[in-house]
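> Provide a 3D model corresponding to the input given below.
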Amino acid sequence: MVEHADPSRSVPKPTLFAKSLLPRSPRSVAGQVFALQIAVVLLLVLGAILALVLESRKSSEAEARNRSVAVAEAFAHSPGLRDALASPNPSAVLQPLTEETRGPAGVDFIVVMNTDGIRYTHPLPDRIGKQFVGTIGPSLAGHVYTESVHGPLGHEVQAVVPVTAPDGSVVGLVSAGLKVANVTTAGNRQLPVILGTGAAALALATAGTALVFRRLKRQTRGLGPTEMTRVHEHHNAVLHAVREGVVIVAPDGRLLLANDEAKELLGLPDDAEGRKLDDLDGLDPGTAELLKSGRVATDEVHQSRGRLLAVNQRPTDRHGGAAGTVATIRDSTELRALSGRAEVAGKRLALLYEAGVGVGTTLDVVRTAEELARVAVPGFADFVTVDLADPVLRGDEPTGTAIDLRRAAVHGIREDHPFYPRGRLIAFIPSTPQAQGFDSGRSQVVPDLSVAHGWHAQDQERARQIMDYGVHSLITTPLQARGIILGVANFWRSRKPEPFDDEDRSLAEELVARAAVSIDNARRYTREHAMAVTLQRSLLPRALPEQSALTVAHRYLPAQSGVSGDWFDVIPLPGARVALVVGDVVGHGLHAAATMGRLRTAVHNFSALDLPPDELLGHLDELVNRIDQEETDSGTGTGVTGATCLYAIYDPVSRLCTIARAGHPTPALVGPDGGVRFPELPIGPPLGTGGMPFETAEVVLDEGTQIVLYTDGLVEERTRDFDVGMELLRQALSGHDREPEEHCRAVLDALLPARPQDDVALLIAKTRVLGPEHVADRDVPSDPAAVGDVRAWATATLEEWGLEDLAFGAELALSELVTNAIRYGSPPVRVRLLRDRSLICEVSDGSNTSPHLTYAATTDEGGRGLFLVAQLTERWGTRYTPHGKIIWTEQPLPAAIGGPDGEPSAPLAVDDEPGPPPPPPAGPDEAEAGAAPETVAGAVAGAAEQEAAQAPVGEAATARGGMPVES
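Predicted coordinates for the structure are as follows:
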């Protein structure tokens, strides 16, 4: 079997070539091969060198003999040699000749000697005349003799040749020879070739070894022999020790390998390896068929010897080709039982997780009960009913001992269930599981409803219908939070055949415990929300006051998240004027509602002082600052985080609307022609910031103009910009001839989302005008004699309006007020009568000094005028203008006479004890003298003093019958 290298596993390249050539471990296969190759190359090189040396030595001696013989014979047969030997001094003649000849002849020496062996020549002159080293006997016999000797020049090969005379006698000897070292030099020249060839062979072996090493490294994943041995040992150990059967089958169906666990699971004999699967007895046919088929299998279950075996099979050659298969086998009998229990536990955990996420998403009691029922179906029960005590649905805690519960939720796998419908009040009898669970606080498990007689006793006909429907088991679990039982949750089973057991009880209790906390939170929120809504609605105006200057429509819509601090108000002011107020306190909850109530009360109190809008907002700003400071000093830290307000005063006589705002959106003005405009108003800071004065703007409005006041919750929304909201408001108001009530509906339909996130207060007022037929005024000269003319003019005007019954009180009030204005005020003095829902008399002058009530002794001549004015009018007071002040009084019109809108006015209030009859009008002389008021005062002094003793203390400047006090 060829092992293929894994292409996904890269082999790091060596940084040095030497590292790729040399093995890391001498014990590796590549290292051993490399060492063997080196040994072989060295043996070959050494053998070649030895053979070369032997061959060189043999050939060199032969060559030396041949050369020595040739040179010696050539020199011995040279002409003149015999003559030189016969000369008296042969050395002198022969020495130069031999030295000259030996070099070209390629020998180291040529020695000429006599027959006695005495040298005549020699390369070393000091050797001349000495005995020749060598054997000369054969040569003296006429033979050529060669030998190897150690002479004066070293180890030499020499030949001795005789010099013969013509008669054949030997007359001398010639010897030529070579040193062996010089002869072997030729062989040595071949030694580098041999060494180079050996080095090349060694390099080739090294390269081959490197390639083998890299190949082995890929196939063995970098493991050396030791590691490979260890891996093999570990493989065998793991293979036979693992608790999972491993089987390798050849393509022809032979069993190549089976570990101990496989033999145990499949019942294989010890000699099974190497045998055909068909020949193995006891092997399950299905398992044998799978192992022989070679197909891929994943967790395929087979039964063998009473066990459930999970088989996984894969081919051994992943790249195709003829190969066998490897299969792993494990016993899944116990695992399947455990997995079944684990699956059930997993489903229960998933159910609890789903309950934690899906129950309690809102702070609504009924919605939370429905979420509990939906979460439990169908994972835990087939039907779920939730019954809660009636006080819980209202936000209160359960009271009483009777088990009267109202069905809050019903949900199941089918809609045509036989259970009591939602909203039904059920009085459970003590024998029912619901009553027992509610009383004890413990879950009640009814495995078989057919034998639960206490449950049947509640409603036998309903019980029979439930049983016929297929419902057979029940768990009733009380909804308990903070030790309070709020109701019960009932889990019913019909489609699932198994009954509820104790494990189901535990799951139901944990499931219901989570839901009970959410239901209790929703209950407490419902109670607190109801309290906050009650508080807020008690602080908002329940009905708008009657007035003739405006036709008013309003809407207030609380936010879905809870109560807030938006409010509006319509406040009648003296002189037929009306104040319109819209405010907004940032935040939600009781604190915002309480703050709104304090601000609304403060606006009412400041309005009673008849302050202009800018001054009123200034006082309101100081109040908010004081509230913040008080709560900061007290450590509560719940001051007014932000508040806005808009205050407008409309005068139906002058059609003038005076407006000031503190951080509030600009109002919209809808003209009689349907056009919409947003007037340019000074921007004031929100209340509580302090340091910046407020400014007013005056707008003259045509009759029929609609003033639209609103809070920011109307135009601001998360999904749109503020400018978009303002444009939507313009479009909703423009181009339509609607009354304020119709405009309210249209604006809310166009701008409000389905679930508003903030409160919305909307106030739309359509202006009316008091025409000339309802207004009469005149200037008064600074002369006491003019008082009579004023009385006569007032009487004539009232007769023209049909108010003769009010003439006496009006004359008296005007006489007193005009006299005081002339005497104590400053010009110009002016009188105005207004016929509205009451008769309004106004006297203005240029002084800022306000009159006030005083105690008058019985002996005092004066001091009773304002007291009489307060007694004869419903209300009186003072308001300041930029050019002075106005003293005003109001008298209710008779019941038969309506106001300017045609509605009858309230009847004139009278005291329990009738006063003296009114005196006759003063004559012209008295009026001119200015004594008329005092005369009238004297006439009714007794009645005034009598009523003064019974009059309440306080509010004398504004309420009829007030006790005179020092102002």
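> Helices of the stretch 351-500 of the chain, start to end?
365-376, 390-394, 433-440, 453-456, 460-469 (DSSP state H, counting those that start in this stretch).
> which one of the ones you listed lies closest to residue 119?
Ranking these by proximity to residue 119 (C-beta to C-beta) places helix 365-376 first, at 134.5 Å. Every residue, glycine included, has its C-beta placed from N, CA and C.
> mind listing what's buried in the closest one?
365-373, 375-376 (16 or more other C-beta atoms under 10 Å).
> I'd like to know which of the residues you listed is nearest to residue 38.
residue 375 (80.9 Å).
> what's the residue lying closest to that closest one once chain neighbours are set aside in contact with, if anything?
Excluding the flanking residues, the one nearest residue 375 by C-beta to C-beta, 6 or more residues apart in numbering is residue 355, at 4.8 Å. Taking C-beta atoms under 8 Å, 6 or more residues apart in numbering as the criterion, residue 355 is in contact with 372, 375-376, 511, 514-515.
> Please render the residues you listed as TSV that adds distance to residue 698 to the earlier fields.
Below are the contacts of residue 355 laid out as TSV (distance: C-beta to C-beta, whole Å):
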residue	distance to residue 698
372	61
375	63
376	67
511	67
514	63
515	61
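> tell me the two of the residues you listed that are most distant?
Farthest pair in the contacts of residue 355, by C-beta to C-beta: 376 and 514, 11.4 Å.
> can you pull the pLDDT of the residue minimising distance to the centre of the chain?
In the chain, the centroid-proximal residue (C-alpha atoms, centre = their mean) is residue 357; its distance is 16.2 Å. Looking at residue 357, its pLDDT stands at 84.
> Tell me the gap between stretch 159-171 and the middle of its chain.
128 Å (C-alpha atoms, centre = their mean, to the nearest Å).
> May I see the buried residues of it?
So for stretch 159-171, counting by 16+ other C-beta under 10 Å, buried means 159-163, 170-171.
> what does stretch 485-497 give?
Buried residues in stretch 485-497 (16+ other C-beta under 10 Å): 485-494.
> State the mean pLDDT of that stretch.
92.
> One more: stretch 369-385?
Average pLDDT, stretch 369-385: 92.
> And stretch 828-845, by the same measure?
In this model, stretch 828-845 has a mean pLDDT of 92.
> Show me what counts as buried in the helix or strand harbouring residue 627.
Element membership of residue 627, judged by DSSP states H and E, is helix 613-634. Of all the residues in helix 613-634, those buried under the rule 16+ other C-beta under 10 Å are 613-618, 620-621, 623-625, 627-628, 631.
> follow-up on the earlier one: want to throw the buried residues of stretch 485-497 into TSV with distance to residue 895?
Putting these into TSV (distance: C-beta to C-beta, whole Å) gives the following:
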residue	distance to residue 895
485	61
486	58
487	58
488	63
489	64
490	66
491	70
492	70
493	75
494	74
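> Which per-residue confidence value corresponds to the residue nearest to residue 556 when sequence neighbours are not counted?
Distances taken as C-beta to C-beta, 6+ apart place residue 761 nearest to residue 556, at 5.3 Å, with adjacent residues excluded. At residue 761, the model reports a pLDDT of 90.
> Within its sheet, name the partner strands of whichever strand or helix holds residue 761 and how each one runs.
Using DSSP H and E, residue 761 falls within strand 760-767. Next to strand 760-767 in the sheet, as set by DSSP bridges, lie strand 550-557 (antiparallel), strand 706-710 (antiparallel).
> Which is the succeeding secondary structure element to it?
strand 775-780.
> what comes up buried for that following strand?
Here strand 775-780 shows 775-776, 780 as buried, counting by 16+ other C-beta under 10 Å.
> just checking, what packs against it?
For strand 775-780, the packing partners by 3 or more C-beta pairs under 8 Å, 6 or more residues apart in numbering; DSSP states H and E come out as helix 786-801, helix 807-824, strand 829-835.
> Give the rounded mean pLDDT of it.
92.
> Would you format the buried residues of strand 775-780 as CSV with distance to residue 828 included?
As requested, these are exported to CSV (distance: C-beta to C-beta, whole Å):
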residue, distance to residue 828
775, 18
776, 17
780, 8
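> Closest to residue 837 out of these?
residue 775 (14.3 Å).
> Tell me which residues touch that closest one, please.
653, 832-835.
> per-residue confidence averaged over the lengthiest helix in the chain?
Determined from DSSP state H, the single longest helix within the chain is helix 29-76. Averaging pLDDT along helix 29-76 gives 76.
> still on that earlier bit, give me the neighbour count for the residue nearest to residue 556.
When neighbours are defined as other C-beta atoms under 10 Å, residue 761 has 25 of them.
> Please name the spatially closest residue to residue 748 (chain neighbours excluded).
residue 555 (6.1 Å).
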